[in-house]
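**Q** Next input, structure requested:
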Amino acid sequence: MAKQNIYDNPIFFDGYKKLREKEKNANNIFEKPALFSLLPNLSGKRVLDLGCGFGEHCMYYIAQGADAVVGIDISEKMLQAAREENNHPNITYINMPMEDISQIDDKFDVAVSSLAFHYVEDFANVVKNIYEKLNDNGVLLFSQENPLCTCHSGGDRWTRDENGEKKYLNLADYGVEGERESVWFVDNVKKYHRTFSTIINTLIDTGFVIEKMIEPLPTKEILRNMPEFKDLYHKPDFLLVKVRK
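**A** Numbering: from 1, shown residues only. Next comes the predicted model:
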C-alpha cells in the first residue's frame with residue numbers, strides 16, 4: 001500500500017516550511033525542548049532519525065557528539081532541503097518511509113522520531129522494526145500529536161464563550177482508533193489516532209521498557225509573553241515518550 005507523502009505536495013511543503021521558520025511556533029517552544037531533554041548522552045553513538053525532515057535535528061545530534069546519524073524521510077523535497085542546509089560528512093540522508101527501515105543494514109544506539117508517528121498506519125510494525133534495529137540497551141524517544149488531538153474527527157475542537165474565548169475542549173470518538181482526515185494547508189491530510197494505552201502497550205509488548213513520558217505545558221513565563229498558549233492546559237498538543245530496549 002502506498003504510504004502518504006503529503007510533504008512533497010508543493011502547497012503543503014511551502015506552508016509547512018513557512019510555519020517552521022516562525023520563531024514562535026509550538027514546535028520550537030514546546031516539542032523540541034522536551035524531545036531534546038529526553039536524549040541520552042550521544043557521545044560516540046549511532047543515531048537513527050525517523051522522519052528527519054529538514055535535518056536540523058540530525059545536525060544537533062552530531063553537535064552533541066554522535067559518531068554517525070542516519071536521517072530517513074519519505075519526502076524527497078524535505079531531504080533536498082536537508083542536504084542543502086544541514087549537510088555533514090557524518091550524516092547520511094535516505095529517501096525511505098519509516099515502515100521500510102528493515103532494509104537498512106546498520107544497527108543504532110538511539111532512534112528518534114519527531115512528530116511523525118501519527119502519520120503511520122501500522123504503528124506496531126514500525127515499533128517492532130525499530131526494536132530490531134537498536135543495539136541492546138538502545139533508546140527510542142519520540143514525539144507525536146497528543147491522542148487528545150489525533151482523535152478529532154470534524155467540527156469545532158472547542159466550546160467558546162460569547163467573546164470567542166475557548167472554554168473547554170470538545171472531545172469525541174477518543175476510543176475509536178484509526179484514520180482521520182484533516183485540513184492542514186491542504187485537504188485530506190491523513191493521520192492515525194491511537195489511544196494512550198494502545199501506544200504504551202504496543203511499546204511494552206514489543207519488549208521496550210517505558211522510562212519517561214512528557215506532555216509539555218506552558219510555564220508562567222511563556223504565558224506572560226504568549227497568552228494564546230493557555231489552551232494547552234485543556235489539551236496538550238504533544239505526547240513524548242522515552243523507552244529502552
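**Q** Centroid-nearest residue for this protein?
**A** residue 115 (1.4 Å; C-alpha atoms, centre = their mean).
**Q** Could you find the closest non-adjacent residue to that one?
**A** Spatial nearest neighbour of residue 115, excluding adjacent residues (C-beta to C-beta, 6 or more residues apart in numbering): residue 143 at 5.4 Å. All C-beta spots, glycine's among them, are computed from the backbone N, C-alpha and C.
**Q** So that neighbour is in contact with residue 114, correct?
**A** Yes - taking contacts as C-beta atoms under 8 Å, residue 143 lies within contact range of residue 114: 5.4 Å.
**Q** Kindly list the longest strand within the protein.
**A** strand 134-145 (DSSP state E).
**Q** buried ones in that strand?
**A** 134, 138-145 (16 or more other C-beta atoms under 10 Å).
**Q** Spell out which strands sit alongside it in the sheet and which way each one runs.
**A** strand 108-114 (parallel), strand 238-244 (antiparallel) (DSSP bridges).
**Q** How far does it sit from its chain's centre?
**A** 12 Å (C-alpha atoms, centre = their mean, to the nearest Å).
**Q** moving C-terminal of that strand, what's the next helix or strand?
**A** Reading on from strand 134-145 to the C-terminus, the next helix or strand found by DSSP states H and E is helix 147-150.
**Q** Do I have it right that residue 45 meets residue 67?
**A** Yes - Residue 45 is within contact range of residue 67, at 6.4 Å (criterion: C-beta under 8 Å).
**Q** hang on, residue 207 packs against residue 131?
**A** Yes - at 5.8 Å, residue 207 counts as touching residue 131 under the criterion of C-beta under 8 Å.
**Q** so what sits against both of residue 143 and residue 114?
**A** Residues touching both residue 143 and residue 114 (C-beta atoms under 8 Å, 6 or more residues apart in numbering): 31, 35.
**Q** burial measure for residue 215, as a count.
**A** Number of residues near residue 215 (other C-beta atoms under 10 Å) recorded here: 16.
**Q** what sits against the nearest residue to it once chain neighbours are set aside?
**A** Setting aside the residues directly before and after it, residue 215 is nearest to residue 236 in space (C-beta to C-beta, 6+ apart), at 3.9 Å. Residue 236 makes contact with 146, 148, 215-217, according to C-beta under 8 Å, 6+ apart.
**Q** Can you tell me which of those residues lies closest to residue 49?
**A** Comparing those against residue 49 with C-beta to C-beta places residue 216 closest, at 20.0 Å.
**Q** Out of residue 45 and residue 67, name the residue with the larger neighbour count.
**A** Taking other C-beta under 10 Å, residue 45 and residue 67 do not tie; residue 45 has more neighbours (21 against 14).
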